[in-house]
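Student: coords please:
(2 chains)
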Amino acid sequence: MGEHELLRVDGLSKRFGPTVALSDVSLTVGPGEGLAVVGENGAGKSTLMKIVAGAHRPDEGSMTLHGGPYAPHQPIDATEAGIVTVYQEPVFLPALSVTENLFAGREIRTRFGGIAWDRMREDARRLLERFGLDPEVGDREMQELTVAQQQLSLIARAFHHQADLLILDEPTSALSDVEADRLFTSVREWQADGGAVLYITHRLRELPEVCQRIAVLRDGALVGTHTISEPFEPTRRTIVEEMSRREHANGPATRAPAVVGHDDDEAASPIAPPSADGEVRLETEGLTRAGEFTDVSLTLRAGEVRGMYGLVGSGRTEFALTLYGERRPDVGDVRIGGESVSFKGPRDAKRHGLMYLPEDRGRDGLYGFLSVRANLSSAVLDRLRRFGPLLDFARERTIADGYIDELSIRTSAADANVMTLSGGSQQKVLLGRSLSVEPSILLLDEPTRGVDVGTKEEFYARIRELAADGLAVLVISSELNDLLAVADTVDVMRTGEIIRSVDVAEEGAAQTIVQIAIGADDVTDGESRQGGAAASEEVS
Amino acid sequence: MSTATSTSSRHTLGEAFVGRAEQIRRAAIFVLLGAQFLLFSLLLPNFLTAGNLQNIAVRAAPLAIVAAVMTLILLLGAIDVSVGSMLGVLAWVVGTLTVADLGVATVLAAVLLAGAAMGSVNGLIVGKGKVLPIVGTLGMLFVWRAVVYGLWDNSDVFAPPLLPVLTDRVAGIPVSLFVVAVVYAAVWYVLRFRPYGRHVYAVGNDAEAARLVGINVDRVIISTYALLGLAVAVASVFYMSRTGVVQAFTGEWFELGVIASVLIGGTRITGGRGSVIGTLGGVCFVATLENGIVLMGVPSLWNDFALGAMILIAVSADALISRRTAAKGAQG
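Tutor: Predicted coordinates:
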C-alpha cells in the first residue's frame, strides 16, 4: 500500500431528501497523516465523516481501506476495520463508570472470557492520566462528569482502541485551550506511531497542530485542498475565502466580506465600549456550593456583557445552574434588581427575568421532535391563548417568524424539525426562545460550541446589540477569543473561585486570563497559592 | 474528589462510585423485607415455622427463577409482560409430554427448546421489529394465552411430577432453594463479569451509544429475551412438579409478581441500573407477602392489590429519589 493509501474515498455523494449533502467528493488519507476537513455548517463535513464512520451509507461513490474495498453498513463495521470516531456531541453510557465507558464493547478479558476488572481499571487510570484527567474519575459515573471531561474520556477511549484512522469531529469545542493543547500532543504522538487522523473543525488556527493537509468543503463539494506550510496565515486566508464564497446570494446567507475575513481565532476588538454605569441587575454575594464553587461574588449590570472563563471543573457551569435555580446554594445571596431571591427552579428564575441557555443544547435545550416554530414559541405559549384555552397560531407564527428573520436562523421552513438545522442555527433558536420572554438577564453557557465562524460572529454581534439595548449578559465560555470579542470584563474562575476579573481592554488581557486560569500567575498569598497548586496539578 | 479517593479502593470490581441515592435504592428492599418479617412474625403465629418457610421457598421457585432473568430485561430498559401466558403454554408442554411418558431428558429438552423459541419470538419483535417492549409483549400475552386455551381445550392436564426431587428437602432445605441459589449466582456473575452482562447495562443506559461503541444491540436484546424464555421453561418444570395440573388460567398474573419483584428490588424501570441481588430481595418480599396474606385468611385479591401498590410505590420512590438527587447535584 502506498503512502497515501490508508483510506481513499472516491466520488462520494449523499442526498437527504431534496438537499444535496455531499456531491462527488474524493480524498485520500495516508498512514500517520492528519487531514483536516473544514467548511461552514452544512458544507458536508459531518456527512462525509458519518459515511466514513459507517453511520450513513453513500448514494454514490466508493471507499477503499488499505487498498481493499471498504463499505461499512453500521458503525461497528468501521470500528472493526480500524476507524474510530469521536463525535462532537458526547455519546456515552451515562450511568456506567468512566472505566466501563472506556472499554465498552472492547472489554479486557481474563483467560476464561470474563471481564478483567483490575486490569481495566489500571489501564483506565493510565489513559485518563495521559489526557490530564484525575485518574480517580475512572470510578465515577460518566454522567457526573462535565462535558469537557466526558469529551476527553471519549477521546482517550478512541486512542485506546489503537485504530488506524481516528475521526475527530470538533474535538476541541468543549475543551479549554490547555486541554486542547494536551489533546494535540496526544494526537501527534499517535501520528508518530503511524495513526491517521481525519480532523473536522471550525477552528482554523489549530489545524497546523495536527494536520498536514486541508480539504475545504462548500455546499457538499470539495472546493480546495491545501498543504500546510509555514507561515500558515496566507493559506488560512485562502481557506476562509473558499469556505465562505457564495455562488448565488440567497437570503440571509450572504454576509459582509468584513465579517467573513475573521475567524474565531482572531481576537476582534471589543465592539462596544464597556458600560459600567447601568443599573445593577444581578448580584451574588459569597455564593458557595461545597465541592463546586466557593464565595463567588459578582455584579452584572444592565448593558453589560460579562465573560466567565475557567478550566474544566472550575465550577463555571455549576455556578450558572445555581443562579438559574437548578441547584441550591449552600451559602450566599443572589439578588436580582436589589431584591434577594431564592429560586425554587428555572420557572422562578424565568419569572424574575433570568434566562439560561444550557451548555448541551441537544439534551437540555431543544425539543427535538418539534418544529423550529414550536421551539421558538414554547416559552411563551401561555401568552398566546385565544378563546380561553386555545392557541393563537397566527400570533405564534408571527413570533416565530420574527425571530427566524431577526436572528437569521437558516431553515428551509418554520415548521421544519429543529434537529435538521445546523448547530449554529439551533443555538439561535434557543437564543430566540430565551429572548421571547423578554428577559432582563441572560446567562449563556458555551453558546458557540460547534458553531461555525460566520454564525459565531453573527451570534456575538447580536449579543452586543442586545446588551446595548439594556440586557445584562453573562457568557460562560472555554473559548477565550470569543470572550475577548464579546465581553467587557472576564471573570476568571479556578477551582471554584473567581480569582480575578480582567478588563478585556487591558494590555495583555489574554495572557493574564490564561495564566490565572491555569494557576501560573504569580500570586503570593497563601490561600491562592494553594488553589494554584491544585489547578496546576489538574493541568499537568 | 476526595470522597471518590477514599471509597474507590472498595470498588475493586470496577463498579462505579455509588452515590447516596443509589445506596438508598439498594438498601430499601432489605429494610422492607426485615420489616415485613418482623410484622408477620408478630401477627401470625404460624409464620415463622420451618414448615411455612420451606413452603414459601418451594412455592416461590418459579417466581424467583423468572425474576432473575427479568432483571436483565428491565436492565435493558425493556419489559416482558407475556411470561405468565408463556408459563401456561410451557406447563402444558411439560404436563402433556410427561403424561405421554417420553422420559425426563426428552421432556426437559423439549420444554427448554420451546421456551427459548417463545422467548426469541418476543426478542425478535422487540429487537428486530423495533416494537415497544410493553406493546409487543402485551400482544404476545394474549396470543400465548389463546394458545393455552386452545391446547387445554376444556380438559385439565394432570401429570405426575417430572422431577419429584425439586420438591424434596435436603437437611431440611428445599432442593428448589439450591437451584434458585445457583441461578442467582450465575446471573450475578454474568452481569458483573461477562461482557454480555456489561452490554446489557450498556444497552439499558443508551442503546444508541451502545450501538456506536460497537455493541450488537439487537443481538443482546434477542438473546436476553431467549434467556427469559428458557427461565420460564425451567419455572414451568418447577410449577408442574409442585402442582401437577395445567388449567386454562395457569400462569395468569404470574408476570405481575415477577415484575413487582424486580422493581421492588431496585431495578429501574427505565433500565441501565439495578442488580439481581435486589431482585432476590424483591422475590422474598413478594413471596412472603403472598404467604402472609394467605395465613391471615384475607381474600387473595388483596394480594394483587398489594402487589400493584408495591409496584407503584417502588417506581415512584425511585423517580422521587432520582429527582431529588438531580436537584441536589451529582456531587452528593
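
Student: does the closest residue to A:Asp24 other than its chain neighbours sit in a helix, a strand or a coil?
Tutor: Leaving aside its sequence neighbours, A:Asp24 sits nearest to A:Gly11 (Cβ to Cβ, 6 or more residues apart in numbering or on different chains; 5.1 Å). Any C-beta I mention is one placed from the backbone N, CA and C, and that applies to glycine too. Assigned with DSSP: H, G, I helix; E, B strand; the rest coil, A:Gly11 falls in the strand class.

Student: thought A:Gly11 was touching A:Asp59?
Tutor: No - if you go by Cβ atoms under 8 Å, A:Gly11 and A:Asp59 don't touch, sitting 10.5 Å apart.

Student: Compare these two (neighbour count), which wins?
Tutor: Neighbours of A:Gly11 and A:Asp59, each counted by other Cβ atoms under 10 Å in any protein chain shown, are more numerous for A:Asp59; the result is 15 against 12.

Student: Pretty sure that one sits against A:Phe16.
Tutor: No - here A:Asp59 does not reach A:Phe16: they are 9.8 Å apart, not a contact under Cβ under 8 Å.

Student: how near is B:Asn55 to chain A?
Tutor: 37 Å (Cβ to the nearest Cβ, to the nearest Å).

Student: Quick one, grab the pLDDT at that residue.
Tutor: pLDDT, B:Asn55: 91.

Student: which stretch of helix or strand covers it?
Tutor: helix B:50-75 (DSSP states H and E).

Student: In that helix, which residues are buried?
Tutor: B:52-54, B:56-75 (16 or more other Cβ atoms under 10 Å in any protein chain shown).

Student: next one: stretch B:296-308
Tutor: B:303, B:306-307.

Student: mind putting the residues you listed in JSON lines, distance to A:Val514 and pLDDT included?
Tutor: Putting the buried residues of stretch B:296-308 into JSON lines (distance: Cβ to Cβ, whole Å; pLDDT from 0 to 100) gives the following:
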{"residue": "B:Asn303", "distance to A:Val514": "67", "pLDDT": "84"}
{"residue": "B:Ala306", "distance to A:Val514": "63", "pLDDT": "86"}
{"residue": "B:Leu307", "distance to A:Val514": "61", "pLDDT": "86"}
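
Student: Go through those residues and flag which are in helices.
Tutor: Under the assignment DSSP state H, the buried residues of stretch B:296-308 contribute B:303, B:306-307 to helices.

Student: ok, so of the residues you listed, who is nearest A:Gln212?
Tutor: Nearest to A:Gln212 among those, counting by Cβ to Cβ, is B:Leu307 at 65.9 Å.

Student: can you give me the helices in the stretch 101-250 of chain A?
Tutor: Taking DSSP state H, counting those that start in this stretch as the criterion, the stretch 101-250 of chain A contains helices spanning A:117-130, A:147-160, A:177-192, A:207-210, A:233-244.

Student: Do a quick rundown of the strands in chain B.
Tutor: Ranges of strands in chain B, per DSSP state E, are B:157-158, B:169-170, B:173-174, B:245-246.

Student: just those strands: most buried one?
Tutor: strand B:245-246 (a mean of 21; mean count of other Cβ atoms under 10 Å in any protein chain shown).

Student: Now do that strand, average pLDDT.
Tutor: 94.

Student: Repeat that for stretch B:152-164.
Tutor: Here the average pLDDT along stretch B:152-164 is 91.

Student: Any chance you could list what contacts that stretch?
Tutor: Here stretch B:152-164 makes contact (Cβ atoms under 8 Å, 6 or more residues apart in numbering or on different chains) with B:92, B:94-96, B:98-99, B:104, B:107-108, B:167, B:237, B:240-242, B:244-248.

Student: Start and end of it, how far apart?
Tutor: Using Cα to Cα, to the nearest Å, one end of stretch B:152-164 lies 24 Å from the other.

Student: what distance separates it from the centre of its chain?
Tutor: 24 Å (Cα atoms, centre = their mean, to the nearest Å).

Student: Let's have the helices of the stretch 101-250 of chain A in CSV, adding mean neighbour count, distance to B:Tyr225 and mean pLDDT.
Tutor: Formatted as CSV, the helices of the stretch 101-250 of chain A follow (neighbours: other Cβ atoms under 10 Å in any protein chain shown; distance: least, Cβ to Cβ, whole Å; pLDDT from 0 to 100):
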stretch, mean neighbour count, distance to B:Tyr225, mean pLDDT
helix A:117-130, 18, 28, 91
helix A:147-160, 23, 29, 82
helix A:177-192, 18, 41, 84
helix A:207-210, 21, 45, 86
helix A:233-244, 17, 50, 76
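
Student: how far away is A:Val91 from chain B?
Tutor: For A:Val91, the distance to chain B equals 5 Å [Cβ to the nearest Cβ].

Student: Can you tell me the SS state at that residue?
Tutor: A:Val91 ends up coil, using three-state DSSP.

Student: What is the burial count for it?
Tutor: 19.

Student: now it: how far from B:Gly214?
Tutor: Distance of A:Val91 to B:Gly214, computed by Cβ to Cβ, to the nearest Å: 12 Å.

Student: Look up phi and psi at A:Glu479.
Tutor: Note on A:Glu479: backbone dihedrals following degrees, to the nearest 10 are phi -100, psi 100.

Student: Tell me how far it lies from chain B.
Tutor: 25 Å.

Student: That residue reaches A:Thr448, doesn't it?
Tutor: Yes - using Cβ under 8 Å, A:Glu479 is in contact with A:Thr448, at 6.7 Å.

Student: Just give me the residue right at the centre of the chain.
Tutor: Since you didn't name a chain, this refers to chain A. A:Arg449 (2.3 Å; Cα atoms, centre = their mean).

Student: Let me rephrase: I mean chain B.
Tutor: Note: chain B centre (Cα atoms, centre = their mean) maps to B:Ala67, 0.8 Å.

Student: doesn't B:Val258 make contact with that one?
Tutor: Yes - using Cβ under 8 Å, B:Ala67 is in contact with B:Val258, at 4.9 Å.

Student: need the contact list for A:Ser377.
Tutor: A:384, A:396, A:399-400, A:433, A:436.

Student: any chance of those residues in CSV, with neighbour count too?
Tutor: Shown next, in CSV, are these (neighbours: other Cβ atoms under 10 Å in any protein chain shown):
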residue, neighbour count
A:Leu384, 16
A:Glu396, 21
A:Ile399, 21
A:Ala400, 25
A:Arg433, 23
A:Ser436, 19
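
Student: Count the residues that sit near the closest residue to B:Val104 other than its chain neighbours.
Tutor: Counting by Cβ to Cβ, 6+ apart, B:Val104 lies nearest to B:Leu162, which is 6.2 Å off, once chain neighbours are set aside. Neighbour count of B:Leu162, defined by other Cβ under 10 Å: 21.

Student: distance of B:Leu162 from chain A?
Tutor: In terms of Cβ to the nearest Cβ, B:Leu162 sits 33 Å off from chain A.

Student: Look up how far B:Asp168 lies from that residue.
Tutor: Distance, B:Leu162 to B:Asp168, using Cβ to Cβ: 13 Å.

Student: so is the residue in the stretch 301-450 of chain A that chain B sits nearest to in a helix, a strand, or just coil?
Tutor: For the stretch 301-450 of chain A and chain B, the shortest gap (Cβ to the nearest Cβ) falls at A:Arg327, measuring 5.0 Å. Look at A:Arg327: counting by three-state DSSP, its state is coil.

Student: Quick check: it touching A:Phe319?
Tutor: No - contact criterion Cβ under 8 Å: A:Arg327 and A:Phe319 do not qualify, at 9.4 Å.
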